[in-house]
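Enquirer: One predicted model, sequence on top.
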Amino acid sequence: MSGAAEAKNEWIARVLNFAAPVSPTASGEPAWTGAIAAWRSASDTVDAQIAALQSVLKSSGDDELVEIAEYGLNAVTGGFKVPLLAVLHDIAAAGGTANPALLSRARDLAASFRAHLEKEPRVRGCDENPFGVHMSIRQTLSGPLAQLEAALRPPA
Amino acid sequence: MMSHAQGSGYSLTGVAAAGIAMFKSLFGYGTPPQSADDSDAAESQETETENADEQPGDSDLAAARSAYAQRAKRIDKRIRTAKLSDGTIDNALKLAQDLYHDDKIRQAESRLDDIEVQVEAAIAAAELSAERKRADARYNALTTQKYQNKTLLAAIAKAMNGADLSALRGPIASMLTQAEGEIRQFTDGIGNMTDERDILLQDPVLAKSVYAGLNALIDKVTRLAGQSLDKAISNLTDLEAAITKASADDAEARSYRDQYAPLLQTVTQLRQDVPARSGTHKSYNFRKADNSLKFAAEGFAKGDFQLSVIHLEDAQVDLESIDARAYAQIATRRDEDADRAAEQAAEQAARNAAEAQRLARVAAQAARENAMDVASLAAIGKDGQFGKWFAKVKELKDNGIVTLGGTAPYLLPGGNTVEVQINVTPTGGRRRTDWFVIHYHPDATGATVGNTGASQVHAKPRPGNTTTARVLLSNSTWPISDGYAPPFGAVRRLFA
């Protein structure tokens, strides 16, 4: 947790007599902080891989591959990635006081996204693409998604 | 890699071509290859199975078309509901629809994927706008409230400075400082929120959730700051009440302090005067009043003017009570003395009146007796005051008021007394108005101290016995010397 956040929480506790309902780690941070950071890093990695594949497809001269580059690759993540990024941003912004409903929504999205990666043939097709572009969508994202699911689980 | 791409198409080896065909088929383009390398036989078999699920054959075409139609309808409804319809989206929908009509279901579905992403982005943008408006309004409200509370704080400080609170200023100032700190921390909290808001607004990647995050932040700050304000305002309310009470208490204390000095002077004077007035009344107990005076001094030393005034009032009551009792006793004694004096005065007055009457009577009597007239003889009375009467006769005679005439001597029965009667007649009158007798005792030896009746000649108011008043006479006494009666020798010679 940053110094500013610590000062703010200290102010809340001292002035407002309000203890933030957080599940702190040993360092005092919410448990999901690290998981969100790992997820963002993995997402950035996959974005870069997709961008590389798009570049290859667009330059292939094959109309169908160009169409796939323009319209098809974005569907590989099945509409999970952007919603998950948005809700994780809200959670991060709320610090330790995130709404439980928000946590549940993020956890469901992560689980669905991970299931999608496991069964979606286009994911596997990209990861094993015949264009020599190194892709590891499932491998890169599955671990952080599982980590998120665990971190966002309410404390027992 | 790119080394595989050649010309307008993709000039590939057989293996690469099969992979590309497979790749395309995953996205709804072309058909998957019907054979696979031996080395990939098992995996190819699996892929074929999967592709068979995704590539609708004739038997599945109807179902795929139906699913597509339902999805397109749902997306279109979402576009209408969100009022997102515009040329771009409509054209995209039309393109997908064209693919659908050409039975390019997978391509049509891919188009729908893209459209759905755009629609969701547009909806998110609309929500973003709404969130932004809401966040801005609420943020402005919070900052306005911040200044309102600063104004309230200033008003409280002004009220406190305007009050003459002297000794109470310290505790009040502490309360004000506490409230001021809470409000300042609240405003600092809003300042922190402003910093975070600025950071969020600068985030170019996650713009979609910027205002949602900001609203969440405002929710949090509003909730926490609301608690802070409730506490601070509660403290300020208490503070205002304390200031009001302190002002009233201070005014009351000053009032008592102002009362103290004159009251102390009054009571001290009473303490000196009352014993003097009550003087001899040793039963009066001043201990209670003295204790009250002592407690009053202690209270004043501690600044408790109200308590000191109360004790002084107690002392005053005690002393005045003693004074009143002393006065009552003194008055009672004075009344008794006055009654007694009045009685004595009345008695004296009665005596004086009686004496006056007596003196008047005496005076009148004396006047009558002393008057130079015939009536004075009656006033004197010859039987009561024969000597005086006898002398008055001489005086009247000498002043020519009366004329006397004596009878010839004659012997009274018994043979021992010769009597001459002297008649008193007003001068010029013809009838006597009074008379007396002169008795001669020719055989008498003469009067002695022990026997006045043994006189040879005496005058008497009338003939009587030995107790009748008399005036001893001699030959030189005026009735004989003036010739109204004969000398004793002559009578003795005639009757001895």
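Expert: Received it, and whenever you're ready, just let me know what you need.
Enquirer: From here on, just use CA atoms for contacts and neighbour counts.
Expert: Will do.
Enquirer: How many residues are close by residue 113?
Expert: Just so you know, I chose chain A. Here the count is done by other CA atoms under 10 Å in any protein chain shown, and residue A:113 has 21 residues near it.
Enquirer: nope, chain B please
Expert: Other residues near residue B:113 come to 21 when the count uses other CA under 10 Å.
Enquirer: Please look at it and residue A:77 and confirm they touch.
Expert: No. Taking contacts as CA atoms under 8 Å, residue B:113 lies outside contact range of residue A:77: 10.8 Å.
Enquirer: Does the spatially most central residue of chain A belong to a helix, a strand or coil?
Expert: Centroid-nearest residue in chain A, with CA atoms, centre = their mean: residue A:39, separated by 4.2 Å. Three-state call for residue A:39 (DSSP: H, G, I helix; E, B strand; the rest coil): helix.
Enquirer: how about it, what does it touch?
Expert: Counting by CA atoms under 8 Å, 6 or more residues apart in numbering or on different chains, residue A:39 touches A:141, A:144-145, A:148.
Enquirer: Enumerate the residues of chain A near chain B.
Expert: With CA under 8 Å from any CA of the partner chain as the criterion, chain A meets chain B at residues A:8, A:11-12, A:15-16, A:18, A:56, A:60-62, A:64-65, A:68, A:71-72, A:74-75, A:79, A:86-87, A:89-90, A:93-94, A:121-122, A:125-126, A:129-133.
Enquirer: Point out where chain A drops to low pLDDT.
Expert: Scanning chain A for pLDDT under 70 picks out the ranges A:1-29, A:78, A:95-98, A:154-156.
Enquirer: ugh, wrong one, I meant the stretch 251-400 of chain B
Expert: The stretch 251-400 of chain B contains residues with pLDDT under 70 at B:277-284.
Enquirer: Checking the residue of it found nearest chain A next. Helix, strand or coil?
Expert: Residue of the stretch 251-400 of chain B nearest chain A, by CA to the nearest CA: residue B:251 (35.1 Å). Following three-state DSSP, residue B:251 is assigned to helix.
Enquirer: And for it, the neighbour number?
Expert: Quick note: residue B:251 (other CA under 10 Å) scores 14 neighbours.
Enquirer: which residues does it contact?
Expert: Contacts of residue B:251 (CA under 8 Å, 6+ apart): none.
Enquirer: Of the contacts of residue A:39, which is the nearest to residue B:357?
Expert: For the contacts of residue A:39, the residue nearest residue B:357 by CA to CA is residue A:148; the value is 142.6 Å.
Enquirer: Let me see the ranges of the helices in the stretch 301-450 of chain B.
Expert: Assigned by DSSP state H, counting those that start in this stretch, the stretch 301-450 of chain B shows helices spanning B:305-370, B:375-380, B:386-398.
Enquirer: Dump those helices into JSON lines; add mean neighbour count and distance to residue B:82 as well.
Expert: Putting the helices of the stretch 301-450 of chain B into JSON lines (neighbours: other CA atoms under 10 Å in any protein chain shown; distance: least, CA to CA, whole Å) gives the following:
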{"stretch": "helix B:305-370", "mean neighbour count": "16", "distance to residue B:82": "76"}
{"stretch": "helix B:375-380", "mean neighbour count": "19", "distance to residue B:82": "158"}
{"stretch": "helix B:386-398", "mean neighbour count": "19", "distance to residue B:82": "163"}
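Enquirer: Report the contact partners of residue B:113.
Expert: By CA under 8 Å, 6+ apart, the residues touching residue B:113 are A:71-72, A:75.
Enquirer: repeat that for 7 Å
Expert: Applying CA atoms under 7 Å, 6 or more residues apart in numbering or on different chains, one finds that residue B:113 lies in contact with residue A:75.
Enquirer: again with the one 3 residues further on
Expert: Under the criterion of CA under 7 Å, 6+ apart, the neighbours of residue B:116 are residue B:75.
Enquirer: where does it land on pLDDT?
Expert: Here the pLDDT value assigned to residue B:116 is 82.
Enquirer: so which helix or strand takes in it?
Expert: Taking DSSP states H and E as the criterion, residue B:116 maps to helix B:105-162.
Enquirer: Now the helix or strand harbouring residue B:94: buried residues?
Expert: Taking DSSP H and E as the definition, residue B:94 sits inside helix B:87-101. Neighbour-count burial for helix B:87-101 flags B:89, B:93, B:95-97, B:99-100 (criterion: 16 or more other CA atoms under 10 Å in any protein chain shown).
Enquirer: Tell me the one among these nearest to chain A.
Expert: Closest to chain A out of the buried residues of helix B:87-101 is residue B:96 (11.5 Å), distances taken as CA to the nearest CA.
Enquirer: need the contact list for that closest one.
Expert: Shown in contact with residue B:96 (CA under 7 Å, 6+ apart): B:108, B:111-112.
Enquirer: show me which of the residues you listed neighbour chain A.
Expert: Counting by CA under 7 Å from any CA of the partner chain, residue B:111 from the contacts of residue B:96 sit close to chain A.
Enquirer: My guess is residue B:299 contacts residue B:310. True?
Expert: No. Counting by CA atoms under 7 Å, residue B:299 stays clear of residue B:310, with 9.6 Å between them.
Enquirer: Which residues are in contact with residue B:318?
Expert: Neighbouring residues of residue B:318 by CA under 7 Å, 6+ apart: residue B:289.
Enquirer: could you redo the last one with a cut-off of 10 Å?
Expert: B:267, B:270-271, B:285-290, B:292, B:312, B:324 (CA atoms under 10 Å, 6 or more residues apart in numbering or on different chains).
Enquirer: Going along the chain, name the helices of chain A.
Expert: Secondary structure of chain A, counting by DSSP state H: helices at A:3-15, A:32-58, A:63-67, A:81-94, A:100-119, A:121-127, A:137-151.
Enquirer: what angle do the second one and helix A:137-151 make?
Expert: This means helix A:32-58. Orientation check (axes from the mean of the first three to the mean of the last three CA atoms, to 10 degrees): helix A:32-58 against helix A:137-151 gives 160 degrees.
Enquirer: ok and helix A:32-58 relative to helix A:81-94, angle-wise?
Expert: Angle of helix A:32-58 versus helix A:81-94, following the same axes, to 10 degrees, is 150 degrees.
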